[in-house]
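Undergrad: everything below, folded, please.
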Amino acid sequence: MKVDNSPVTNKMIVIDGVDGAGKGVQSRLLLKSFEEAGLQAILTREPGGSPSAEEIRNLLVKGDPER
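TA: Numbering: from 1, shown residues only. All right, here's what the predicted structure looks like:
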């Protein structure tokens, strides 16, 4: 097994704000800028990405419809 002892250089950038503030637009523009600069980047939202995480996100964003 080979172990990579090089320092970790990953970064996580968080964009937060109220609904309608443009977080999605700014996130996509930032991703595009990184890609144009030749940098590797991924765009994600938290929680999200899996069916159960999407359900949790919907509850947090929209609330329980039976409430």
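Undergrad: before we move on, which element is the residue nearest to the spatial centre of the chain in?
TA: Using C-alpha atoms, centre = their mean, the residue of the chain that lies closest to the mean C-alpha position is Thr44, 2.6 Å off. Counting by DSSP states H and E, no helix or strand carries Thr44.
Undergrad: tell me how far it lies from Lys2.
TA: From Thr44 across to Lys2, the span is 28 Å (C-beta to C-beta, to the nearest Å). C-betas here are computed from N, CA, C, even on glycine.
Undergrad: how about the lowest-mean-pLDDT helix or strand in the chain as PDB, C-alpha atoms only?
TA: Least confident element among the helices and strands of the chain, by mean pLDDT, DSSP states H and E: helix 51-62 (a mean of 82). Output of helix 51-62 as PDB, limited to C-alpha atoms (Å, rounded to 0.1, in the frame of the first residue of the first chain):
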ATOM      1  CA  PRO A  51     -32.400  10.800  -1.700                       C
ATOM      2  CA  SER A  52     -32.400  10.800   2.100                       C
ATOM      3  CA  ALA A  53     -30.300  14.000   2.300                       C
ATOM      4  CA  GLU A  54     -32.600  15.700  -0.200                       C
ATOM      5  CA  GLU A  55     -35.600  14.700   2.000                       C
ATOM      6  CA  ILE A  56     -33.800  16.300   5.000                       C
ATOM      7  CA  ARG A  57     -33.100  19.400   3.000                       C
ATOM      8  CA  ASN A  58     -36.700  19.700   1.900                       C
ATOM      9  CA  LEU A  59     -37.800  19.500   5.500                       C
ATOM     10  CA  LEU A  60     -35.400  22.200   6.500                       C
ATOM     11  CA  VAL A  61     -36.200  24.500   3.600                       C
ATOM     12  CA  LYS A  62     -40.000  23.900   3.300                       C
END
